[in-house]
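In: Dropping the sequence and predicted coords here.
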Amino acid sequence: MTSLLPTDGGLRDATYLQQYRRMVNEYILPALTPASKPAQTAAKTQALREELEKSRQTQGVPGTATAFNDAPET
C-alpha cells in the first residue's frame with residue numbers, strides 16, 4: 001500500500017501518507033491492543049508448547065506449512 005501513495009510535497013508532507021499514518025495510529029494499532037491481558041492457563045500453555053514442537057519438527061518439510069488462519073491441531 002505504501003508503495004502506491006503519491007508523495008507530492010515530499011514524503012513527510014504527502015497528504016495520503018499522513019492519512020495512512022493516521023489510520024494506522026488511530027484504528028489499526030488500537031485494535032491490536034487487547035483490552036485486558038489474556039488469561040494464561042495450563043491448557044493454553046500446553047497447547048502452545050505442542051504447536052511449537054510440531055512447528056520445530058516440520059520446519060523445512062514441504063507441504064507442512066500452515067496458513068495464518070489454520071486452526072491449531074488437537
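Out: Yep, that arrived.

In: Can you give me the buried ones in the helix or strand containing Leu17?
Out: Assigned by DSSP states H and E, Leu17 belongs to helix 15-23. Buried positions in helix 15-23, judged by neighbour count with 16 or more other CB atoms under 10 Å: Leu17. For the C-beta atoms, the positions are set from N, CA and C on the backbone; glycine is no exception.

In: as a whole number, average confidence for stretch 53-68?
Out: Averaging pLDDT along stretch 53-68 gives 75.

In: Confidence-wise, which helix or strand of this structure is lowest on average?
Out: One helix or strand of the chain scores below all others by mean pLDDT, DSSP states H and E: helix 15-23, with a mean of 79.

In: after that helix, next one along is what?
Out: helix 29-32.

In: Export that following helix to CSV, keeping only CA atoms.
Out: C-alpha atoms of helix 29-32 as CSV (Å, rounded to 0.1, in the frame of the first residue of the first chain):
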residue,chain,number,x,y,z
LEU,A,29,-2.8,-0.2,16.4
PRO,A,30,-5.5,0.3,19.0
ALA,A,31,-7.4,-2.7,17.5
LEU,A,32,-4.3,-4.8,18.0
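
In: buried sites along it?
Out: Result for helix 29-32 [16+ other CB under 10 Å]: no buried residues.

In: Please name every helix or strand in contact with it.
Out: If you count contacts as 3 or more CB pairs under 8 Å, 6 or more residues apart in numbering; DSSP states H and E, helix 29-32 packs onto no helix or strand.

In: Tell me the helix or strand right after it.
Out: helix 42-58.

In: residues of that following helix that come out buried?
Out: So, applying 16+ other CB under 10 Å, helix 42-58 has no buried residues.
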